[in-house]
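Visitor: the sequence and its predicted three-dimensional model are supplied below.
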Amino acid sequence: MAAATEEQPASTGSVPRVEEVEKVHETTEGERLERDDDDDEILRFMDSVDGYLLLMDSLSSALRQGWLDLASARHSMGTSRVSSTLFDHKEQSAATKLQVIDSADMQSSEPNPHFVLSKWHLEEKPSSNDSVSAQDTKPTLRFRGSATTPEDGSHQSDAALAESLAGVDTSSHVQRARSKALSVYGALVSPKLRTAQISFETALEVIVELANSRSNMLASFSQIKDE
Amino acid sequence: MAGRPSIPTISSALIAIIADEDTVTGFLLAGVGNVDLRKKTNYLIVDNKTTVKQIEDAFKEFTTREDIAIVLISQYVANMIRFLVDSYNRPVPAILEIPSKDHPYDPAHDSVLSRVKYLFSAESVASDRR
């Protein structure tokens, strides 16, 4: 009798035990997934720190080249011709600007801005031709379908021509903008001053990448800290 | 996530510079210079006559202007106002410490890396476990 009574609790206890085992499995599975997410976040953070340091090296190289070219230009043109006293203090708008977009990473509690560089008024440039301006603003999908009719073929060649015209137009605009920035130092400037300008433009591109890398690093860091 | 502060989208923001003459000259060649109606510029040239107060005032002005998205500051200048730079924690404008001709970049003094370095420090992990 006692044995029978003892057996009953064992038989009724086996079902809860199975449920308990299942719950333990689910919990360990959930913990494993959480650990994987943590590991992913930590790897992302380490990558962003590494990227930040590499970009800083790249910036140092670009700046060193720029300073060297500037020193060469000052040597050939004279110290008084390449000096901060020549800076134009009249009202003027910067030709190179930034766009700031919220990357909307909802997993992170830290805001994550994304910076986009816009050099030499390129996106603000007014365009007289509508088709050229349509090509200028954002890259659009080009139709590469089975356009066998001659009419479609001529449209494609018109689009390609418009694109090449837009490219030429853009590069001439950039050259004019660069010349305007150099005109502060006179009509005839040393070629070294032009190469210094290019070096500092490169440095600006690296700086924008650095700013984005910084945002990603801080966002990953805040997520790791929260966990 | 609820409560996460959002960043307003800015379509044309400026880059401010607090650095030596050559660095400012170079970036102005790249088209970054801006002068507004009140003759306020988005750069400050730091030389041996520039006072710490002037640098602090420029830093505070650039970090509170809404039309500035990035502030570039030479690391040796940032070291002069280190307390102010390290206590700055807003996402925009982003503060980037850059090297200068006579002072190469030192990651140990970078304010951004200082904020995250405790993840790399074994000492801090050991102190948490005690």
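Guide: Received the coordinates, thanks. Residues are numbered from 1 along each chain as shown, chains lettered A, B, ... in the order given.

Visitor: give me the buried positions along stretch B:83-92.
Guide: Neighbour counts over stretch B:83-92 (16 or more other CB atoms under 10 Å in any protein chain shown) mark B:84-85, B:88, B:91-92 as buried. No exception for glycine: its C-beta is placed from N, CA and C like everyone else's.

Visitor: before we move on, what about stretch B:30-50?
Guide: B:30-35, B:41-46, B:50.

Visitor: and if you look at stretch A:171-183?
Guide: For stretch A:171-183, by 16+ other CB under 10 Å, it's A:173-174, A:177-178, A:181-182.

Visitor: in a markdown table: the residues you listed, plus distance to residue A:57, secondary structure and pLDDT.
Guide: Below are the buried residues of stretch A:171-183 laid out as a markdown table (distance: CB to CB, whole Å; DSSP: H, G, I helix; E, B strand; the rest coil; pLDDT from 0 to 100):
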| residue | distance to residue A:57 | secondary structure | pLDDT |
| --- | --- | --- | --- |
| A:173 | 32 | helix | 86 |
| A:174 | 27 | helix | 88 |
| A:177 | 29 | helix | 87 |
| A:178 | 27 | helix | 89 |
| A:181 | 27 | helix | 89 |
| A:182 | 28 | helix | 90 |
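
Visitor: those: which ones sit near chain B?
Guide: When contact is defined as CB under 8 Å from any CB of the partner chain, the buried residues of stretch A:171-183 meet chain B at A:177-178, A:181-182.

Visitor: same for chain A: which of the buried residues of stretch B:83-92 are within range?
Guide: The overlap between the buried residues of stretch B:83-92 and the neighbours of chain A (CB under 8 Å from any CB) comes to B:91-92.

Visitor: which parts of the host helix or strand of residue B:54 are buried?
Guide: In this structure, residue B:54 sits in helix B:52-64 according to DSSP states H and E. By 16+ other CB under 10 Å, the buried positions in helix B:52-64 come out as B:55, B:58-59, B:62-63.

Visitor: so which of the buried residues of stretch B:83-92 would you say is closest to chain A?
Guide: residue B:91 (4.3 Å; CB to the nearest CB).

Visitor: that older thread, between the buried residues of stretch A:171-183, which is nearest chain B?
Guide: Distances from chain B to the buried residues of stretch A:171-183, taken as CB to the nearest CB, are shortest for residue A:181 (5.5 Å).

Visitor: what about the closest one, distance to residue B:33?
Guide: 8 Å (CB to CB, to the nearest Å).

Visitor: over to residue A:180?
Guide: With CB to CB as the criterion, residue A:180 and residue B:33 are 11 Å apart.

Visitor: likewise residue A:46?
Guide: Residue A:46 is 37 Å from residue B:33, by CB to CB.

Visitor: got it, and residue B:92?
Guide: 21 Å.

Visitor: do the same with residue A:183
Guide: Distance of residue A:183 to residue B:33, computed by CB to CB: 13 Å.

Visitor: residue boundaries of the strands in the chain?
Guide: Picking chain A for this. Applying DSSP state E to chain A gives strands spanning A:97-102, A:113-118.

Visitor: nope, chain B
Guide: Counting by DSSP E, the strands of chain B are B:10-19, B:43-45, B:68-74, B:94-98.

Visitor: sorry, back to before: what's the most distant pair in the buried residues of stretch A:171-183?
Guide: Between any two of the buried residues of stretch A:171-183, the greatest separation by CB to CB is 15.1 Å, found for A:173 and A:182.

Visitor: end to end, how far does stretch B:35-53 reach?
Guide: From its first residue to its last, stretch B:35-53 covers 22 Å (CA to CA, to the nearest Å).

Visitor: pLDDT of it, averaged?
Guide: Confidence for stretch B:35-53, expressed as mean pLDDT, is 94.

Visitor: just to revisit the earlier point, quick one: which of the buried residues of stretch B:83-92 sit in helices?
Guide: B:84-85 (DSSP state H).

Visitor: isn't residue B:84 up against residue B:62?
Guide: No - taking contacts as CB atoms under 8 Å, residue B:84 lies outside contact range of residue B:62: 11.5 Å.

Visitor: worst mean pLDDT across the helices and strands of chain A, which element?
Guide: Least confident helix or strand of chain A, by mean pLDDT, DSSP states H and E, is helix A:130-137 with a mean of 40.

Visitor: export the strands of chain A to JSON lines and tack on distance to residue A:87, mean pLDDT and mean neighbour count?
Guide: Shown next, in JSON lines, are the strands of chain A (distance: least, CB to CB, whole Å; pLDDT from 0 to 100; neighbours: other CB atoms under 10 Å in any protein chain shown):
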{"stretch": "strand A:97-102", "distance to residue A:87": "19", "mean pLDDT": "90", "mean neighbour count": "20"}
{"stretch": "strand A:113-118", "distance to residue A:87": "22", "mean pLDDT": "91", "mean neighbour count": "19"}
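
Visitor: and the gap between residue A:84 and chain B?
Guide: Residue A:84 is 5 Å from chain B, where distance means CB to the nearest CB, to the nearest Å.

Visitor: how many residues are close by that residue?
Guide: 14 (other CB atoms under 10 Å in any protein chain shown).
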